[in-house]
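Visitor: no sequence on this one, just coordinates:
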């Protein structure tokens, strides 16, 4: 196949910007165009549910790259330019205004859209989602002191948003049908400690599903299933995950199954089309890896794929989440572990859980223990055979496990 | 940028390999604290506060000529201060470190040779 001369990246999140960055770093010097449906410079999403909602960060504080970076790297940023269709066979794409653009390789970084609550009233304008800058701005205006806020979904976005709303003085109800959310990913110990923290801080936590949302004078009524009651609020926030934005891929005939299916190098079923970030699902993986670092790594991987270079091995996944002044971090998936080893005491609030399979660490999760997590990533990635005594002994330096 | 006089920050052996010492702003006379790193048998110094977020690089993971920020895992070259990956996009200021007669001296405000 001939070397690429024109690459179109569709999307403007971290995966898209990382793709551009990595392509230039690997020596690609042809045309590179970033198509963003949103207006303005690409921004980082993690702060949206934290400092942006808190009003501590402005748009210019959360830009992925400053404006001059795009000029320096020779990246044409076409913001406010949605893509209507990709036409890889014809070597190009079609923009929303009907014009055509050429590209001999296309990288889809279209991300996802928040799932709407699949219940009557779930589309009420008082029901908010949190994915974009505009979402955050709209929601921030509603999170006033004393406002009654129901957050549906106590996963990462839901838990962070509930904590922020609480910090802003809202009266928060957090609703999830699962008694201990995240347990499969981080293990029971950490999931329980984190979830119980919400009620300790003064958030009302309900284990229930949502049956319907009714508009009432002066607010919304959230009717609960299972629990049976209802909650009267001013604002509802739905944090129940995303639906991958697969439309462009699907209409181009690419293989799509819970995301755009990709193989090493982020290759899709069409040789000139690649997919990165939240929209992509690695063939053989059950779930899409919808985390910040996964998006960054995809950018690195796709640069290799597009340029025909050997794709580097990706290490264990990592994510973080901030709530109530504490930080959760996790490496790998606790679901892969046969047993767990605790380091530190749960009641101190700062501790680490290692997940082992055989004599190796396959996952770790921690609250406020960044160095344990950094050690754990390296222990997992290097396949170190571990001594459980060192893992559980707080006085033992985990780095000794890495010096063999 | 003014150059402050050299500060003795440690004796050789005080800062273990793979560890760092945070030298407070009051000592360095600069706006930010300075982190002095010991990696691969050599000493390096960078501004302590990560150019991306409010985190102390002296609490980071030090290995292979780089420090990884404890907060969002941005990595910086210890020698040049240049960011090696996102989310950081700005370099950390470097400061010269000198080992003299078994002691580690920091020259705040004086860039390292790189």
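Guide: Perfect, I can see it now. In this text, all values refer to a predicted model and were calculated from it rather than measured experimentally.
Visitor: Other residues contacting the worst-scoring helix or strand of chain B on mean pLDDT?
Guide: Between all helices and strands in chain B, the lowest mean by mean pLDDT, DSSP states H and E belongs to helix B:25-28, at a mean of 93. Under the criterion C-beta atoms under 8 Å, 6 or more residues apart in numbering or on different chains, residues B:4, B:7, B:31, B:32, B:33, B:34, B:106, B:108 lie in contact with helix B:25-28. (Glycine included, C-beta is placed from N, CA and C.)
Visitor: Look up how far residue A:292 lies from the spatially closest residue to residue A:45 that is not a sequence neighbour.
Guide: Spatially, and ignoring its direct neighbours in sequence, residue A:45 is nearest to residue A:13 (6.5 Å; C-beta to C-beta, 6 or more residues apart in numbering or on different chains). Distance of residue A:13 to residue A:292, computed by C-beta to C-beta, to the nearest Å: 10 Å.
Visitor: one step back: now the contacts of helix B:25-28 as CSV including secondary structure?
Guide: CSV is the format used below for the contacts of helix B:25-28 (DSSP: H, G, I helix; E, B strand; the rest coil):
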residue, secondary structure
B:4, coil
B:7, strand
B:31, coil
B:32, coil
B:33, coil
B:34, strand
B:106, strand
B:108, coil
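Visitor: which of these tops the neighbour count?
Guide: Counting neighbours by other C-beta atoms under 10 Å in any protein chain shown, residue B:34 leads the contacts of helix B:25-28 with 31 neighbours.
Visitor: Contact partners for the spatially closest residue to residue A:109 that is not a sequence neighbour?
Guide: Leaving aside its sequence neighbours, residue A:109 sits nearest to residue A:11 (C-beta to C-beta, 6+ apart; 3.2 Å). Counting by C-beta under 8 Å, 6+ apart, residue A:11 touches A:35, A:36, A:37, A:108, A:109, A:110, A:111, A:277, A:279.
Visitor: Kindly recompute the last result at 6 Å.
Guide: Residue A:11 makes contacts with A:109, A:110, A:111, as judged by C-beta atoms under 6 Å, 6 or more residues apart in numbering or on different chains.
Visitor: Out of those, which is nearest to chain B?
Guide: Chain B has its nearest neighbour among these in residue A:109, at 14.4 Å by C-beta to the nearest C-beta.
Visitor: What separation do you get for the residue at the greatest distance from the centre of chain B and residue B:11?
Guide: Most distant from the centre of chain B: residue B:101, at 20.8 Å, with distances by C-alpha atoms, centre = their mean. To residue B:11, residue B:101 is 10 Å away according to C-beta to C-beta.
Visitor: sorry, back to before: give me the buried stretch members for the least confident helix or strand of chain B, please.
Guide: Using 16 or more other C-beta atoms under 10 Å in any protein chain shown as the test for burial, helix B:25-28 gives residue B:28.
Visitor: Read off the pLDDT value for residue 63.
Guide: By default, I'm working from chain A. With respect to pLDDT, residue A:63 scores 96.
Visitor: Switch to chain B, please.
Guide: We note a pLDDT of 94 for residue B:63 in this prediction.
Visitor: And for the closest residue in space to it that isn't next to it in sequence, the neighbour number?
Guide: In this structure, residue B:63 finds its nearest non-sequential neighbour in residue B:18, 6.6 Å apart by C-beta to C-beta, 6+ apart. Number of residues near residue B:18 (other C-beta under 10 Å) recorded here: 16.
Visitor: And for the one 4 residues further on?
Guide: For residue B:22, the count of nearby residues is 16 (other C-beta under 10 Å).
Visitor: Then residue A:171?
Guide: When neighbours are counted by other C-beta under 10 Å, residue A:171 registers 17.
Visitor: Could I get the contacting residues of the residue nearest to it when sequence neighbours are not counted?
Guide: Nearest non-adjacent residue to residue A:171, counting by C-beta to C-beta, 6+ apart: residue A:148, 4.9 Å away. Each residue near residue A:148 by C-beta under 6 Å, 6+ apart is listed here: A:171, A:233, A:234.
Visitor: circling back: so the residue nearest to residue A:45 makes contact with residue A:108?
Guide: No. Contact criterion C-beta atoms under 6 Å: residue A:13 and residue A:108 do not qualify, at 11.6 Å.
Visitor: Neighbour count: the two, which is higher?
Guide: residue A:108 (31 against 26).
Visitor: Give me the phi and psi for the closest residue to residue A:370 other than its chain neighbours.
Guide: Leaving out its chain neighbours, the residue that sits closest to residue A:370 by C-beta to C-beta, 6+ apart is residue B:70, at 4.1 Å. Residue B:70 adopts backbone torsions of phi -70, psi -20, taken as degrees, to the nearest 10.
Visitor: Residue B:70 contacts residue B:57, correct?
Guide: No. Look at residue B:70 against residue B:57 with C-beta under 6 Å: they stay out of range, at 7.9 Å.
Visitor: Which one of these two is surrounded by more residues?
Guide: residue B:57 (28 against 21).
Visitor: Identify the residue spatially nearest to the more buried one, adjacent ones excluded.
Guide: With sequence-adjacent residues excluded and distances taken as C-beta to C-beta, 6+ apart, residue B:57 is closest to residue B:35, at 4.8 Å.
Visitor: Which strand residues bridge the one you found?
Guide: Beta-bridge partners of residue B:35, counted by DSSP bridges, are residue B:22, residue B:46.
Visitor: contacting residues for it?
Guide: With C-beta under 6 Å, 6+ apart, residue B:35 has these contacts: B:20, B:22, B:46, B:48, B:57, B:58.
Visitor: element containing residue A:341, please.
Guide: strand A:339-343 (DSSP states H and E).
Visitor: Could you report the pLDDT at the residue most central in space within chain A?
Guide: With distances taken as C-alpha atoms, centre = their mean, residue A:291 lies nearest the centre of chain A, 3.4 Å away. Looking at residue A:291, its pLDDT reads 94.
Visitor: all strands for chain B, in order.
Guide: B:7-11, B:20-23, B:34-39, B:42-47, B:61-63, B:66-68, B:75-77, B:94-100, B:103-107 (DSSP state E).
Visitor: Low-confidence stretches in the stretch 101-250 of chain A?
Guide: Where the stretch 101-250 of chain A drops to pLDDT under 70, the residues are A:227.
Visitor: All the helices of it, in order from the start?
Guide: Ranges of helices within the stretch 101-250 of chain A are A:133-142, A:156-167, A:183-186, A:188-201, A:247-251, based on DSSP state H, counting those that start in this stretch.
Visitor: Report how many residues lie close to the residue in the stretch 151-300 of chain A that chain B sits nearest to.
Guide: Nearest residue of the stretch 151-300 of chain A to chain B (C-beta to the nearest C-beta) works out as residue A:296 at 5.8 Å. Other residues lying near residue A:296 total 23 when counted by other C-beta under 10 Å.
Visitor: and the least confident helix or strand of chain B, how far from the chain's centre?
Guide: Centroid separation for helix B:25-28 versus its chain: 14 Å, with C-alpha atoms, centre = their mean, to the nearest Å.
Visitor: Give me every residue in the stretch 51-200 of chain A that's in contact range of chain B.
Guide: Applying C-beta under 6 Å from any C-beta of the partner chain, we find that the stretch 51-200 of chain A lies next to chain B at residue A:65.
Visitor: likewise the stretch 251-400 of chain A?
Guide: A:296, A:370, A:374.
Visitor: same thing but 8 Å
Guide: Contact residues, the stretch 251-400 of chain A versus chain B (C-beta under 8 Å from any C-beta of the partner chain): A:293, A:296, A:318, A:320, A:370, A:371, A:374, A:375, A:399.
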